[in-house]
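**Q** Below: sequence and its predicted model.
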Amino acid sequence: MKTRTFLLALLLSATSFARAATEAPVTAAPTTSIAAGGYMMIISRVSMGFNAQASIVTVSPDGKEQVKEIDFSRFSAKQMAANMTEVHKAAMAAVNQYTADGWHLVSVAPSDVASGGNTVFSQTIYYLEKK
């Protein structure tokens, strides 16, 4: 029970750091640039449990999806915290790249879910607009 509580607290704090990191410098660029107008999403998602996984998903205005897997090993609480930072850095790099290409961040929607058993799921959705 203590482990679950710790993991949930870790995810909640990492999500709040992601909100504060919107001013972070670009550390890596997405592999493509989307020039079309409309709305798009950048989804930072992490699943911890038996198979810990993390990825950054970019959904363009035409609905096409691009997935970037993030290395997310979970050997210790310290390593998991470092991995969460890497996931948020990758998300911010994507947001900053699209902002440099003329997109505007209009909303950030974080969510965390702890389900039955040992699975914890966290995602942050960044909504961008280009007119």
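**A** Structure's in. What do you need?
**Q** Show me which positions of the longest helix seen in the chain end up buried.
**A** With secondary structure taken from DSSP state H, the chain has its longest helix at helix 77-100. Going by neighbour count (16 or more other C-beta atoms under 10 Å), the buried part of helix 77-100 is 80, 83-84, 87-99. All C-beta spots, glycine's among them, are computed from the backbone N, C-alpha and C.
**Q** Please apply the same query to stretch 60-79.
**A** Buried, per 16+ other C-beta under 10 Å, within stretch 60-79: S60, K68, I70, F72.
**Q** okay if I get those as CSV plus distance to S122 and secondary structure?
**A** Shown next, in CSV, are the buried residues of stretch 60-79 (distance: C-beta to C-beta, whole Å; DSSP: H, G, I helix; E, B strand; the rest coil):
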residue, distance to S122, secondary structure
S60, 23, coil
K68, 17, strand
I70, 13, strand
F72, 11, coil
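**Q** that older thread, what's the angle from the next helix or strand after the longest helix of the chain to helix 77-100?
**A** Using DSSP states H and E, the helix or strand that follows helix 77-100 towards the C-terminus is strand 104-114. Relative orientation of strand 104-114 versus helix 77-100 (axes from the mean of the first three to the mean of the last three C-alpha atoms, to 10 degrees): 160 degrees.
**Q** buried stuff in whichever helix or strand comes after strand 104-114?
**A** Per DSSP H and E, the first helix or strand lying C-terminal to strand 104-114 is strand 120-130. Within strand 120-130, the residues scored as buried using 16+ other C-beta under 10 Å are V120, F121, S122, Q123, T124, I125, Y126, Y127, L128, K130.
**Q** Sort those by pLDDT and name the bottom one.
**A** pLDDT across the buried residues of strand 120-130 is lowest for V120, at 79.
**Q** just for this protein, where's the confidence low?
**A** 1-36, 50, 74, 114-119 (pLDDT under 70).
**Q** which neighbours does the helix or strand where E69 lies have in its sheet, and in what orientation?
**A** Assigned by DSSP H and E, E69 belongs to strand 65-70. Using DSSP bridges, the strands paired with strand 65-70 are strand 53-59 (antiparallel).
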